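Trainee: My questions are about this predicted structure, shown below with the sequence.
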Amino acid sequence: MARFREEVVAAMGDGEKHTRRPFERMHRIHEAIAEGRLPNCSSLAKELEVTPKTVQRDITFMRDSFRLPLVYDKKRHGFYYEGEVDDFPDFEIGAEEIAAMFLARTAADAIRGTELADKMRAAFGRLCRSMSERVELNWADLDEAFSRKVPQLPAREVKLFGELAEAVVKRLEVSFHYRKLGADRAEARRVHPLHLGEVDGGWYLIGHDEDRGALRTFALPRITRLKVSGRRFDPPADFDGREYLRRSFGVWTVAGDDSLTLVQVKLSDYAARLARERRWHPTQEVRELNAKGTKVEVCFEAGSLEEVVRWVLSFGSKAQVVGPPELKRMVKEEVKLMGG
């Protein structure tokens, strides 16, 4: 458990002018009690320039959350420690909690400017306020310690993302124009939006194309003239967005084909090291082929091979396709075309 000394959020609603943060107040209360001064709420309130109610709340928190053996002596009208207390405890927060809070914050930053981001920020704010008089995370300190490279969406795509996200959540039919890769012009689409997913830094919408009667995947940058209708729809009971993406190496899938193909690729040198450090696919397995770990075989199941070809070519001579034969053929053809 990592120790992380935090400032506690100033108590609100008492009406007094707070001159000290709660964590500092509690330190002062601890010192007065540890010195045997037998302070009470009234004397501490005067010293700390707060109300007796605030002091009582601090003492209750110290006793219940920090497990300090605080006892009030009715005869002498003051607090004392019933037991040995070496020092005032630091607020403990685990590595998992720090990571979760930080990633939640950066997730909201990635889609800032959208209605969804505003809702996420409000929910995050309620979570933090529920910890009032508990802890105030010092975001400046966290930003110095951690960073996350988040793709920054252009302003148009940010607005588009927010509108699509709301349509997905509320199950509202949408219409837009979409230009496929290699197409000369955009085509009108009428879609039931089912899922938004981020793959390799790009956002994609998975939806049921009503005119084509099948699931389709749409890249947000190629969506224009979006309109969200008031018509609600019921999503397919058996649809699972994560499972749909799982069938492909990236986002490409073969319409109407639910079959999966076992991909086997040998990687060597730096590519082998990367394979042990990264997970490119949910079904990925890595088998070491030599004692040094400089040769491995990567296996996973994919429903479409187009993006697997791109992945294999990214390693150049450090990659060798074992199977399937179709992937071998596709890679060879691409290398041949690259050579002119």
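Mentor: That came through, no problem.
Trainee: how deep is the nearest residue to residue 330 once chain neighbours are set aside tucked in, by neighbour count?
Mentor: Excluding its sequence neighbours, the residue lying closest to residue 330 (Cβ to Cβ, 6 or more residues apart in numbering) is residue 309, at 5.0 Å. For the C-beta atoms, the positions are set from N, CA and C on the backbone; glycine is no exception. Neighbourhood size, residue 309 [other Cβ atoms under 10 Å]: 17.
Trainee: pLDDT (mean, whole number) over the strand or helix carrying residue 309?
Mentor: Residue 309 is part of helix 306-313, with elements assigned from DSSP states H and E. If you average the pLDDT over helix 306-313, you get 86.
Trainee: In that helix, which residues are buried?
Mentor: Residues 307-309, 311-312 are the ones in helix 306-313 that count as buried (16 or more other Cβ atoms under 10 Å).
Trainee: Quick one: those residues as CSV, columns for distance to residue 34 too.
Mentor: Shown next, in CSV, are the buried residues of helix 306-313 (distance: Cβ to Cβ, whole Å):
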residue, distance to residue 34
307, 64
308, 65
309, 69
311, 62
312, 66
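Trainee: Could you double-check that residue 58 lies in contact with residue 24?
Mentor: No. Assessed by Cβ atoms under 8 Å, residue 58 is found out of contact with residue 24, at 10.4 Å.
Trainee: out of these two, which sits in the busier spot?
Mentor: Between residue 58 and residue 24, counted using other Cβ under 10 Å, residue 58 has the larger neighbour count: 24 against 13.
Trainee: State the pLDDT value of that one.
Mentor: Looking at residue 58, its pLDDT reads 90.
Trainee: Next: residue 192.
Mentor: pLDDT, read off for residue 192, is 95.
Trainee: Then residue 292?
Mentor: Residue 292 carries a pLDDT value of 87.
Trainee: same deal with residue 36?
Mentor: 89.
Trainee: Repeat that for residue 131.
Mentor: For residue 131, pLDDT reads 48.
Trainee: follow-up on the earlier one: surely the residue nearest to residue 330 meets residue 326?
Mentor: No. In this structure, residue 309 is not within contact of residue 326 by Cβ under 8 Å, at 10.1 Å.
Trainee: what is in contact with these two at once?
Mentor: Shared contacts of residue 309 and residue 326, defined by Cβ atoms under 8 Å, 6 or more residues apart in numbering, are absent.
Trainee: send the alpha carbons of stretch 302-320 over as PDB?
Mentor: The C-alpha coordinates for stretch 302-320 follow below in PDB (Å, rounded to 0.1, in the frame of the first residue of the first chain):
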ATOM      1  CA  ALA A 302      -9.300 -12.800 -35.900                       C
ATOM      2  CA  GLY A 303     -12.300 -12.500 -38.100                       C
ATOM      3  CA  SER A 304     -10.700 -10.300 -40.700                       C
ATOM      4  CA  LEU A 305      -7.100 -10.200 -41.900                       C
ATOM      5  CA  GLU A 306      -6.700  -6.800 -43.500                       C
ATOM      6  CA  GLU A 307      -5.400  -5.100 -40.400                       C
ATOM      7  CA  VAL A 308      -3.300  -8.100 -39.500                       C
ATOM      8  CA  VAL A 309      -1.400  -7.600 -42.700                       C
ATOM      9  CA  ARG A 310      -0.600  -4.000 -41.700                       C
ATOM     10  CA  TRP A 311       0.500  -5.200 -38.300                       C
ATOM     11  CA  VAL A 312       2.800  -7.900 -39.800                       C
ATOM     12  CA  LEU A 313       4.400  -5.400 -42.200                       C
ATOM     13  CA  SER A 314       5.100  -3.000 -39.400                       C
ATOM     14  CA  PHE A 315       7.800  -5.400 -38.100                       C
ATOM     15  CA  GLY A 316       9.500  -5.800 -41.500                       C
ATOM     16  CA  SER A 317      12.000  -8.700 -41.600                       C
ATOM     17  CA  LYS A 318      11.400  -9.400 -37.900                       C
ATOM     18  CA  ALA A 319       8.100 -11.000 -38.700                       C
ATOM     19  CA  GLN A 320       7.400 -14.400 -40.400                       C
END
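Trainee: Look up the closest residue to residue 88, ignoring the ones flanking it.
Mentor: Per Cβ to Cβ, 6+ apart, closest to residue 88 is residue 30, 4.4 Å.
Trainee: The one you found and residue 51, how far apart?
Mentor: 19 Å (Cβ to Cβ, to the nearest Å).
Trainee: So between the two, which is more surrounded?
Mentor: A count of neighbours by other Cβ under 10 Å puts residue 30 above the other of residue 30 and residue 51, at 21 against 16.
Trainee: Now the element after the helix or strand hosting that one, going C-ward?
Mentor: If you go by DSSP H and E, residue 30 is part of helix 22-34. Scanning forward in sequence from helix 22-34 by DSSP H and E, the next helix or strand is helix 41-48.
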